[in-house]
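K.L.:
Fold the following.
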Amino acid sequence: MRTYRLDLSYDGAGFHGYARQRDVRTVQGELEAALARVLEPVATEVAGRTDAGVHARQQVVSFRTGLEVDCDRLARSLTGLLRPEVAVYRCEPVPDGFSARFSARRRTYRYRVLNRPYPDPLRRGVTWHVKDRLDVPAMDRAVHHLEGEHDFASFCRRAEGRSTVRTVLAVGWSARPDDVVRMEITATAFCHQMVRSIAAYCVEVGRGRLDPDRAPRVIADRDRNSARGAAPPHGLVLWRVDY
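P.N.:
Presented below is the predicted three-dimensional model:
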């Protein structure tokens, strides 16, 4: 048995998230069905299970098989079956013991807000349109309070029996030249809806509705009601996974 790594990107709009679910279309379900067609049925592991509607520039999947694998051919075959929504752009053998999930050292997400009075139909699937003028320095100030190890219960949709303690390694907001305001956040791991919840909270700060220095109190509350819900999924992209 050998272990293989796949790197893929996808448009998440047509999927109910990455993880396989019964009776709904998911990235994992489609990928494993394609693998069964061109290789054999295999169980896959993934670096991060993205929510419904969330996109990925770099997602990493691993699997084990006893068959001989021509990686270039496998990547082309999978892309041919999964296009245009999913592209497998890398396949390589990796050492035994490699796990796309457990071997990852950090994940980076980007959230993009189109900040201008009128929407852009050509970017509606990849940005959250916010017409109110945002105070980006205030948003950046607010989000830096979240760096380090904290209990992010206020920013996470809780799963029974799972910890909400996470370590944010770097985070910041910046204004781009194309009317886009972008957050980039890197952490060792994320809990459910964490990035989208942080984005929604910061947009409220940018609108002037929240004090940028209120974030430590929100963290201390460990109460979902202290934050401001979750931003739309289509503005979020899993940008990079580092090993």
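K.L.:
contacts and neighbour counts: CA atoms only from here.
P.N.:
Noted.
K.L.:
tell me how far the ends of stretch 205-225 are from each other?
P.N.:
End-to-end distance of stretch 205-225 (Cα to Cα, to the nearest Å): 16 Å.
K.L.:
which parts of that stretch are buried?
P.N.:
By 16 or more other Cα atoms under 10 Å, the buried positions in stretch 205-225 come out as 205-208, 210, 212-213, 215, 218-219, 221-222, 224.
K.L.:
Tell me where the chain has helices.
P.N.:
Counting by DSSP state H, the chain has helices at residues 27-38, 71-82, 136-144, 194-206, 215-221.
K.L.:
what about those helices, which gets the closest to Leu114?
P.N.:
helix 194-206 (11.4 Å; Cα to Cα).
K.L.:
Going by residue numbers, what spans are strands in this structure?
P.N.:
2-10, 44-46, 55-65, 86-94, 106-115, 128-130, 148-151, 165-175, 180-187, 236-242 (DSSP state E).
K.L.:
was I right about Arg133 contacting Asn115?
P.N.:
Yes. Shown here, Arg133 and Asn115 form a contact pair, counting by Cα atoms under 8 Å, at 6.6 Å.
K.L.:
Looking at the two, which is more packed in?
P.N.:
For Arg133 versus Asn115, neighbours defined as other Cα atoms under 10 Å are more numerous around Asn115 (22 against 13).
K.L.:
Just to check, that one is in contact with Val180?
P.N.:
Yes. If you go by Cα under 8 Å, Asn115 and Val180 touch, sitting 5.8 Å apart.
K.L.:
residues in contact with Ser9?
P.N.:
55-59, 86-89 (Cα atoms under 8 Å, 6 or more residues apart in numbering).
K.L.:
thinking again about what came up before, now, of the helices of the chain, which is deepest in the fold?
P.N.:
With neighbours taken as mean count of other Cα atoms under 10 Å, the helices of the chain reach their highest mean count in helix 194-206, at a mean of 24.
K.L.:
Give me the helices and strands touching that one, please.
P.N.:
Applying 3 or more Cα pairs under 8 Å, 6 or more residues apart in numbering; DSSP states H and E, we find helix 194-206 packed against strand 106-115, helix 136-144.
K.L.:
Which one of the ones you listed lies nearest to Leu238?
P.N.:
strand 106-115 (4.5 Å).
K.L.:
between that closest one and helix 194-206, how big is the angle?
P.N.:
The directions of strand 106-115 and helix 194-206 differ by 40 degrees, with axes from the mean of the first three to the mean of the last three Cα atoms, to 10 degrees as the criterion.
K.L.:
Mean confidence (pLDDT) on stretch 215-230, please.
P.N.:
Taken as a whole, stretch 215-230 has an average pLDDT of 89.
K.L.:
er, stretch 40-49 actually
P.N.:
Averaged over stretch 40-49, pLDDT sits at 96.
K.L.:
Between the two ends of that stretch, how far is it?
P.N.:
Terminal residues of stretch 40-49 are spaced 23 Å apart (Cα to Cα).
K.L.:
The helices and strands packed on helix 194-206 into CSV, with extra columns for mean pLDDT and distance to Tyr18?
P.N.:
Below are those laid out as CSV (pLDDT from 0 to 100; distance: least, Cα to Cα, whole Å):
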stretch, mean pLDDT, distance to Tyr18
strand 106-115, 98, 15
helix 136-144, 97, 27
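K.L.:
As CSV, these with distance to Leu236 would be great.
P.N.:
Putting the helices and strands packed on helix 194-206 into CSV (distance: least, Cα to Cα, whole Å) gives the following:
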stretch, distance to Leu236
strand 106-115, 5
helix 136-144, 16
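K.L.:
residue contacts, the residue lying closest to Gly14 once chain neighbours are set aside?
P.N.:
For Gly14, ignoring the flanking residues on the chain, the nearest one in space by Cα to Cα, 6 or more residues apart in numbering is Gly53 at 6.9 Å. Gly53 makes contact with 11-17, 233-234, according to Cα under 8 Å, 6+ apart.
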